[in-house]
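[1] What follows is a predicted structure for the sequence shown.
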There are 2 protein chains.
Amino acid sequence: MALTISTARDMTNPILIEVTRGPLVESWHRGAVAIAAPSGALALRIGDVERPVYPRSAVKALQALPLIESGAADRFGFGPAEIALACGSHAGTERHTHLAAAMLTRAGLSSDALGCGAHLPLGSSAANALIAAGQSPTQLHNNCSGKHAGMLATAVHLGEPTAGYWEVDHPVQRRIHQALADVTGLPLGADVRGIDGCSVPNWAMPLSLMARAFARLVTGEGMPAERRAAVSRILDACWEHPDMVAGKSRADTVVMRALPRQVFMKTGAEGVYCGAFPELGLGFALKIEDGAKRAAAGAAMALVERLYPAARGLMPVGAIKTWRGLEVGAVRSSPLFEDALADLKV
Amino acid sequence: MALTISTARDMTNPILIEVTRGPLVESWHRGAVAIAAPSGALALRIGDVERPVYPRSAVKALQALPLIESGAADRFGFGPAEIALACGSHAGTERHTHLAAAMLTRAGLSSDALGCGAHLPLGSSAANALIAAGQSPTQLHNNCSGKHAGMLATAVHLGEPTAGYWEVDHPVQRRIHQALADVTGLPLGADVRGIDGCSVPNWAMPLSLMARAFARLVTGEGMPAERRAAVSRILDACWEHPDMVAGKSRADTVVMRALPRQVFMKTGAEGVYCGAFPELGLGFALKIEDGAKRAAAGAAMALVERLYPAARGLMPVGAIKTWRGLEVGAVRSSPLFEDALADLKV
């Protein structure tokens, strides 16, 4: 009578993060991790690092390359804060939305030009303030509004139409596609192209090559001098204004503020994290299969803390608490992931 | 140089739910599903259905048994609405909080007696209304406040102290433990005991026996007459007041309103779902490994829709949209899960 489905035979990623409650592991998150040198040599490979993964917002620093390389940032006087915001998934506070609006104004545009769509600020105090004021979120509150302001500024600078700048065939997106293809060494065709939540195209790529791309970014290896200069300007901007890359109490901001020029890290939706370590000449990329933010953040912090013990204690330990604040479980690295990090030779 | 960790050899659950974006599956959710007869015979078994899983709020209907069986519900005049609220994970609207408060008042208590802790209402309009009013959530807004009001009423009825009613050794929790152990046929020792978010104990049990317990609930098989009567009263209350079990636009409410006495279903935290089909004499239990609500809800609806095609169209299809509303992906059953449901003989 029973219809039994045997356990999966598909390519299975190992458990990276466990969520405990009392004596048991209640839930767990599988994923894949790559740490790469600029050559592509892998210092760490866990799970399937060759399957294409949408990097989502984790590659915003790469998506910002045309903003610098086209001369648009110089033309409109965008300094490190504006460039960091263009690379950020910001919290939607007034500091963030005002700067995004100012970028648009300097390009001769208003927020009506944005095509990212509106959502409540990622930061809960900014979101609550908006709700308390009885206001609806605008496109400026979208965590991607800085990226979109940068895209629009580039179009204006090059005399291109701003309408439809999010479309895959618009020169703005074609330039970004070319930059991503150059840096990853991948064709990035329509077979790996999806549309991100903010309406622009996003191309899936193996974690191994994403990690290699970030290693190249922070070392400059394999890049022409002009691109190296643009990349340096982007990375320096993020380290100088980490509050524009994310927001208060968020890992990317907290860690890059504490360890500028030692750690670059950027989260992406659906459980992605990318980053790099200039001193070590390494880049990393990871993806949690199920897309969970708690697991991606936990795995990225475990990796960063392994390579930079100074990062320990910067972010709260992943406690599972009752609504009255009693600790009854934990979000923690799996034994396999702990062992892999412990054995890592760098 | 590379440290390579091979893919996991641990017991692996198959993929039940896929999340697509463009041409690719972006994320996926593994899990286990059991559909059982009252005898324990499994009509469907996917993945590891023998590993203990915390049922969390999915067993609130069982946790309410002592409220009925002790006579407390009759003593304080709790009708179907109050009983349904005691079985519910409510949305925290005024209708829910007022009824929970009224239950406490009738037992001679105030909301100060609650030990569930406070959180913002699960329902976003209730949460936004509270934020807009500049108010903090109270314990009455906790989705479990009806369950806790029922626990407190039972303690008052039986002349027990109300302080510490959430503790594992308090008679309130010992009675609930006994009811769960009876219905599942499990010892439910400290080795499988965790503390739920609302501070009361929760015991992990295999999905196979959780499914069997729900099959027995709706058929009455293997239960003494007094318990059968209590169970009927609880289930009827949920079908009569499904709005008290969850809230507007939520699956448990919507489906039980449309299909009373045909489908019982109840969600639990960390990716759990339980339910039963009285006409078919079957119970089900499922757990998404990673705890994702989107996947547990998707899998439960797929299962319910397979057995009751009338449930199709009740809940929105799982579309992934941009912030401007364009559909760019989907949350859908995996081919394996679709095939298993298609092949199901009932």
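    In hand now; what should we look at?
[2] low-confidence ranges in chain A?
    By pLDDT under 70, the low-scoring segments of chain A are A:1-11.
[3] Strands along that one, start to end?
    A:3-5, A:15-21, A:24-36, A:42-46, A:52-53, A:193-195, A:201-203, A:205-206, A:264-268, A:272-277, A:282-288, A:319-321, A:327-333 (DSSP state E).
[4] In space, what's closest to the one residue in the stretch 51-200 of chain A that gets nearest to chain B - neighbours in sequence excluded?
    When scored by CB to the nearest CB, the stretch 51-200 of chain A has A:G117 as its residue closest to chain B, at 2.7 Å. All C-beta spots, glycine's among them, are computed from the backbone N, C-alpha and C. Leaving out its chain neighbours, the residue that sits closest to A:G117 by CB to CB, 6 or more residues apart in numbering or on different chains is B:W323, at 2.7 Å.
[5] got the contact list for that neighbour?
    Neighbour list for B:W323: A:C116, A:G117, A:A118, A:H119, A:N142, A:G197, A:C198, A:S199 [criterion: CB atoms under 8 Å, 6 or more residues apart in numbering or on different chains].
[6] Against A:C116, how distant is the last one?
    Distance check for A:S199 against A:C116: by CB to CB, to the nearest Å, it reads 6 Å.
[7] Which one of these two is surrounded by more residues?
    Higher neighbour count among A:S199 and A:C116: A:C116, with 28 against 22, using other CB atoms under 10 Å in any protein chain shown.
[8] Which residues are in contact with the more buried one?
    A:Q139, A:N142, A:C144, A:S145, A:K147, A:H148, A:W166, A:C198, A:S199, B:W323, B:R324.
[9] Any quick ChimeraX command for the buried ones out of those?
    Buried residues among the contacts of A:C116 (16 or more other CB atoms under 10 Å in any protein chain shown), as a ChimeraX selection:
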select /A:139,142,144,145,147,148,166,198,199 /B:323
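[10] Farthest-apart pair in the contacts of A:C116, please.
    Pairwise distances across the contacts of A:C116 peak at 15.2 Å for A:K147 and B:R324 (criterion: CB to CB).
[11] tell me the contacts of A:R332?
    Applying CB under 8 Å, 6+ apart to A:R332 gives the contacts A:I17, A:E18, A:T20, A:G298, A:G318.
[12] Show me which residues of stretch A:314-332 are buried.
    Buried residues in stretch A:314-332 (16+ other CB under 10 Å): A:L314, A:M315, A:G318, A:I320, A:T322, A:W323, A:V328, A:G329, A:A330, A:V331, A:R332.
[13] With stretch A:37-46 instead?
    Neighbour-count burial for stretch A:37-46 flags A:A37, A:P38, A:G40, A:L42, A:A43, A:L44, A:R45, A:I46 (criterion: 16+ other CB under 10 Å).
[14] Go through the contacts of A:R332 and name the one nearest A:H96.
    A:G298 (25.3 Å).
[15] re earlier: so which of the buried residues of stretch A:37-46 would count as near chain B as well?
    Restricting these to those near chain B by CB under 8 Å from any CB of the partner chain leaves A:L42, A:A43, A:L44, A:R45, A:I46.
[16] Just the closest of those residues to A:E338, please.
    Checking these against A:E338 by CB to CB gives A:I46 as the nearest, at 11.6 Å.
[17] that older thread, of the contacts of A:R332, buried ones?
    Buried by 16+ other CB under 10 Å: A:I17, A:E18, A:T20, A:G298, A:G318, out of the contacts of A:R332.
[18] Out of those residues, which is nearest to A:R306?
    For the buried ones among the contacts of A:R332, the minimum distance to A:R306 (CB to CB) is 12.7 Å, reached by A:G298.
[19] wait, the closest one sits on A:A319?
    No. A:G298 lies out of contact with A:A319 (CB atoms under 8 Å); the separation is 11.6 Å.
[20] where do the contact lists of those two overlap?
    Residues within reach of A:G298 and of A:A319 at once, by CB under 8 Å, 6+ apart, are A:V331.
[21] quick one, what contacts A:G88?
    A:K60, A:H96, A:N143, A:G146, A:K147, A:C238, A:M244, A:V245, A:A246.
[22] and if we set it to 7 Å?
    By CB atoms under 7 Å, 6 or more residues apart in numbering or on different chains, the contact set of A:G88 is A:K60, A:G146, A:M244, A:V245, A:A246.
[23] And the helices in chain A, which stretches?
    Along chain A, counting by DSSP state H, helices occupy A:60-63, A:65-69, A:72-75, A:80-86, A:94-106, A:124-132, A:145-157, A:171-184, A:207-219, A:225-240, A:242-245, A:251-258, A:293-307, A:335-343.
[24] just to revisit the earlier point, next, give me the two most distant ones among the ones next to chain B among the buried residues of stretch A:37-46.
    By the measure CB to CB, A:A43 and A:I46 form the most distant pair in these, at 11.3 Å.
[25] got the residues of the stretch 101-250 of chain A near chain B?
    Within the stretch 101-250 of chain A, the positions near chain B by CB under 7 Å from any CB of the partner chain are A:116-119, A:128, A:131-132, A:134, A:142, A:191-195, A:197-199, A:204.
[26] Just give the nearest non-adjacent residue to A:L85, would you?
    Per CB to CB, 6+ apart, closest to A:L85 is A:G146, 3.3 Å.
[27] And A:D252, by the same measure?
    Ranked by CB to CB, 6+ apart and with sequence neighbours excluded, the top spatial neighbour of A:D252 is A:A246, at 4.1 Å.
[28] so that neighbour sits right up against A:T253, yeah?
    Yes. Applying CB atoms under 7 Å as the test, A:A246 and A:T253 come out as touching, 4.3 Å apart.
[29] Of those two, give the one with the bigger neighbour count.
    Remark: of A:A246 and A:T253, A:A246 carries more neighbours, 27 against 22, as counted by other CB under 10 Å.
[30] Distance check, the more buried one against A:S89.
    6 Å.
[31] Same question for A:V25.
    Distance, A:V25 to A:S89, by CB to CB: 30 Å.
[32] doesn't A:S125 make contact with A:A91?
    No. Applying CB under 7 Å as the test, A:A91 and A:S125 come out as separate, 8.5 Å apart.
[33] More neighbours: which of these two?
    Here A:A91 and A:S125 are compared on neighbour count by other CB under 10 Å; more neighbours surround A:A91, at 26 against 14.
[34] Single out the residue in the stretch 201-346 of chain A that lies closest to chain B.
    Nearest residue of the stretch 201-346 of chain A to chain B (CB to the nearest CB) works out as A:W323 at 2.7 Å.
[35] Now the residue nearest the centre of chain A. Nearest residue, chain neighbours left out?
    Chain A has A:A58 as the residue nearest its centroid, 2.1 Å off, counting by CA atoms, centre = their mean. Distances taken as CB to CB, 6+ apart put A:G268 closest to A:A58, at 3.3 Å, once the chain neighbours are dropped.
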